[in-house]
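Chemist: turn this into a model:
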Amino acid sequence: MSSEPVDPSHTHPLVTGSIAQRRMHVAGRTLVSLLLGGVAILGSMLVFRQGLLPLIEAVFHLGPEWLSVFRRAGLLLTAVGGYWAYVHWREKREATELHLRPIHLLLGGASGAILVALPMVVLFALGAYEPVLFRGASPALLGVAALIGIAATLEELVYRCLLFRVLERAWGTKLALVVQAVAFALQHLENVKQGGTSDVVTMLVSVTLAGLLWAGVFILARNLWVVAANHAAWNFTILLSGMPLSGVEDWRKLAPLESRFAGPDWLTGGMFGPESSLLVIASTTVAVVLLLRAARRRGVFFVPAA
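Modeler: Residues are numbered from 1 along each chain as shown. So this is what the prediction gives:
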């Protein structure tokens, strides 16, 4: 008994329909997860800022400095608490990415500082950056370090723990890497409002690479505090050099070293700072490739079911 060969290019309408329905279901579930996670994080911060913080101020009559400490610490704790609640109630699992791992945290911080410090040392050696004055350490640096640490942790909580993880579960690691990195870069557009087209393009490339870098760290560590330490140490190292941090000039006067540009923008990074330097972009690219290759060798890349 003979039969005609089946043409694989012709798929049964019912199969095609089920695939489309499955994709719609995954897309809808992913969107709901992102919305719930965002509401949990931002909503918790809003409740603290608008409700609990004024109550603390009214009851304890804190001065401006202590109130600032409570505000920063409270926003971080409530954001992490909101994320934990989302994971517990929506994903119904233990939030292992919130476990504190001191040794890994120290390694994450050290590697972040070294990764950006090495190309910057080369830039100083080449004369692209010139030290003008050594001011010494200011006590105000502790407050700035706390701000940088909190900001880095909140960014990693939103972009790597929430956005990347949820997209990875739906679309796989590769696509999630790209989407979260581009979203992370677009968030920094306002930092180059006065820059030209070339400044904007260079910034988008450099920050997209940074997003890939920290996602790579997160893939290997699967821990918020490790990737936040890497991110914060990277930022604080730039600040200590006296250079602009992601286009922000506000804290340069507090840096122990006063520095100035003495080279072309493509080498120094221009108004956005070292992150947009071609040398830092190149070194970050190498680090991203090595991290992602290590992740693939360990088999931690996730591929969703067909």
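Chemist: distance of Ala183 from Arg101?
Modeler: Per Cβ to Cβ, to the nearest Å, Ala183 is found 27 Å from Arg101. Using the backbone N, CA and C atoms, a C-beta is placed for each residue, glycine as well.
Chemist: so between these two, which is more surrounded?
Modeler: Using other Cβ atoms under 10 Å as the criterion, Ala183 and Arg101 rank with Ala183 on top: 16 against 13.
Chemist: so what pLDDT did the more buried one get?
Modeler: For Ala183, the pLDDT comes out at 96.
Chemist: please name the residues that touch it.
Modeler: 159, 163, 211 (Cβ atoms under 8 Å, 6 or more residues apart in numbering).
Chemist: repeat that for Trp171.
Modeler: Here Trp171 is in contact with 30, 179, 304 (criterion: Cβ under 8 Å, 6+ apart).
Chemist: pLDDT check: weakest of the residues you listed?
Modeler: Lowest confidence among those: Pro304, with 82.
Chemist: isn't there a strand covering that residue?
Modeler: No - assigned with DSSP: H, G, I helix; E, B strand; the rest coil, Pro304 falls outside any strand and is coil.
Chemist: what's around the residue nearest to it when sequence neighbours are not counted, how many residues?
Modeler: Nearest non-adjacent residue to Pro304, counting by Cβ to Cβ, 6 or more residues apart in numbering: Gly172, 5.0 Å away. Gly172: 15 surrounding residues under other Cβ under 10 Å.
Chemist: could you give the average pLDDT over the helix or strand hosting Leu279?
Modeler: Assigned by DSSP states H and E, Leu279 belongs to helix 278-298. The average pLDDT for helix 278-298 rounds to 96.
Chemist: with adjacent residues omitted, what lies nearest to Gly149?
Modeler: Ala232 is the one closest to Gly149 (Cβ to Cβ, 6+ apart), at 4.5 Å.
Chemist: tell me, how many residues neighbour that neighbour?
Modeler: Count around Ala232 with other Cβ under 10 Å applied: 25.
Chemist: contacting residues for it?
Modeler: 109, 112, 145, 148-149, 151-153.
Chemist: could you do Leu100 as well?
Modeler: Per Cβ under 8 Å, 6+ apart, neighbours of Leu100: Trp225.
Chemist: settle this for me: Leu98 is touching Gly82, isn't it.
Modeler: No - when contacts are counted by Cβ atoms under 8 Å, Leu98 is not listed as touching Gly82 (11.7 Å).
Chemist: how about the helix or strand Gly43 falls within: buried residues?
Modeler: Taking DSSP H and E as the definition, one finds Gly43 inside helix 13-47. Buried residues in helix 13-47, counted by 16 or more other Cβ atoms under 10 Å: 33, 36-37, 40-41, 44-45.
Chemist: which elements pack onto the helix or strand of the chain with the lowest mean pLDDT?
Modeler: Every helix and strand of the chain was ranked by mean pLDDT, DSSP states H and E. The lowest is helix 53-60, at a mean of 81. Helix 53-60 sits against helix 64-86, with contacts defined as 3 or more Cβ pairs under 8 Å, 6 or more residues apart in numbering; DSSP states H and E.
Chemist: which elements pack onto the helix it packs on?
Modeler: Using 3+ Cβ pairs under 8 Å, 6+ apart, helix 64-86 sits against helix 13-47, helix 53-60, helix 140-156.
Chemist: mean pLDDT for those helices: which is lowest?
Modeler: For those, where the average pLDDT is lowest is helix 53-60, sitting at a mean of 81.
Chemist: could you export that one as CSV, CA atoms only?
Modeler: Backbone C-alpha positions of helix 53-60 (Å, rounded to 0.1, in the frame of the first residue of the first chain) are rendered in CSV as follows:
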residue,chain,number,x,y,z
LEU,A,53,7.6,58.1,55.7
PRO,A,54,5.4,61.1,56.6
LEU,A,55,4.1,59.1,59.6
ILE,A,56,7.7,58.3,60.8
GLU,A,57,8.6,62.0,60.4
ALA,A,58,5.5,63.1,62.4
VAL,A,59,6.1,60.6,65.2
PHE,A,60,9.9,60.8,65.7
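Chemist: tell me the angle that helix makes with helix 64-86.
Modeler: 130 degrees (axes from the mean of the first three to the mean of the last three Cα atoms, to 10 degrees).
Chemist: which stretches of the stretch 151-300 of the chain form strands?
Modeler: 257-261 (DSSP state E, counting those that start in this stretch).
Chemist: so where's the stretch 101-250 of the chain uncertain?
Modeler: Regions of the stretch 101-250 of the chain meeting the criterion pLDDT under 70 cover residues 193, 195.
Chemist: how many residues are close by the nearest residue to Phe184 once chain neighbours are set aside?
Modeler: Nearest-residue entry for Phe184: Gly211, 3.7 Å, with adjacent residues in sequence omitted and distances by Cβ to Cβ, 6+ apart. As a burial measure, Gly211 scores 27 neighbours (other Cβ under 10 Å).
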